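Asks: Structure for this input, please:
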Amino acid sequence: MKIKIKKFKQVKSTNDVAIKLIKRNIEGPTLITSEKQKKGRGQVGKKWISKKGNLFFSIFFKLDQKKINFKQFAILNAFLIKKVISKKISKKIIIKWPNDLLFNKQKFCGILQEIVKFKHFDYLIVGIGLNTNIAPQNKSFKSTCLKNILNKRISNQKILKDIKSAYEKFLSEKNRLSFSNLKRKYK
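Replies: Numbers count the residues shown, from 1 in each chain. This next block holds a predicted model:
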């Protein structure tokens, strides 16, 4: 299933742009990416520090919760992103449930899921903040970035392309495979 891409220089939040696009009746799976976020969001209203040079994007698609529910998608999204990043990093990545990826107890990726209801449909928005080239300083937790882990500059476009491809495959499988089968496949 093809995912459309919408690129921006600067947004308040890629999840906020996704909500606006859904309410403009854009139905097909869409990926929103921006070079800069002014007010990136994390879980429970926390702020996501969005340093220019890192990767910020959201993917949205129609959600049928009869097959896979919101909580199950949180598990699958974490596994999917971990699997894509693990191809670049041969070292151990840990998922801090429900929405963070860690390396050596340092956070380098956060995932925020939201549901938006529009015209009798549920849409799942998956917002992802990935510290690719800069490790923001945070008083609440230690962070790192892929550049520090791999000792080389990271191409955001290459990682975004790999994640987009993984989600296209995932979206075409989600309606025919069970949650258990998907979990096994992406784990």
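
Asks: May I have the secondary structure class of the closest residue to Phe8 other than its chain neighbours?
Replies: The shortest distance from Phe8 to any non-neighbouring residue, by Cβ to Cβ, 6 or more residues apart in numbering, is to Ser34 (4.2 Å). Just so you know, the C-beta spots here come from the backbone N, C-alpha and C atoms, and that holds for glycine as well. Three-state assignment for Ser34 (DSSP: H, G, I helix; E, B strand; the rest coil): strand.

Asks: ok, Ser34 touching Lys12?
Replies: No - here Ser34 does not reach Lys12: they are 9.3 Å apart, not a contact under Cβ atoms under 8 Å.

Asks: more neighbours, these two?
Replies: Counted by other Cβ atoms under 10 Å, Ser34 and Lys12 do not tie: Ser34 has more neighbours, with 23 against 13.

Asks: And Ser50, how far from Lys36?
Replies: Separation of Ser50 from Lys36 (Cβ to Cβ, to the nearest Å): 7 Å.

Asks: between the two, what contacts are shared?
Replies: Both Ser50 and Lys36 are contacted by Phe56, under the criterion Cβ atoms under 8 Å, 6 or more residues apart in numbering.

Asks: Which of those two has more residues huddled nearby?
Replies: Ranked by neighbour count (other Cβ under 10 Å), Ser50 and Lys36 place Ser50 first, with 25 against 15.

Asks: tell me the secondary structure for the more buried one?
Replies: Under three-state DSSP, Ser50 comes out as coil.
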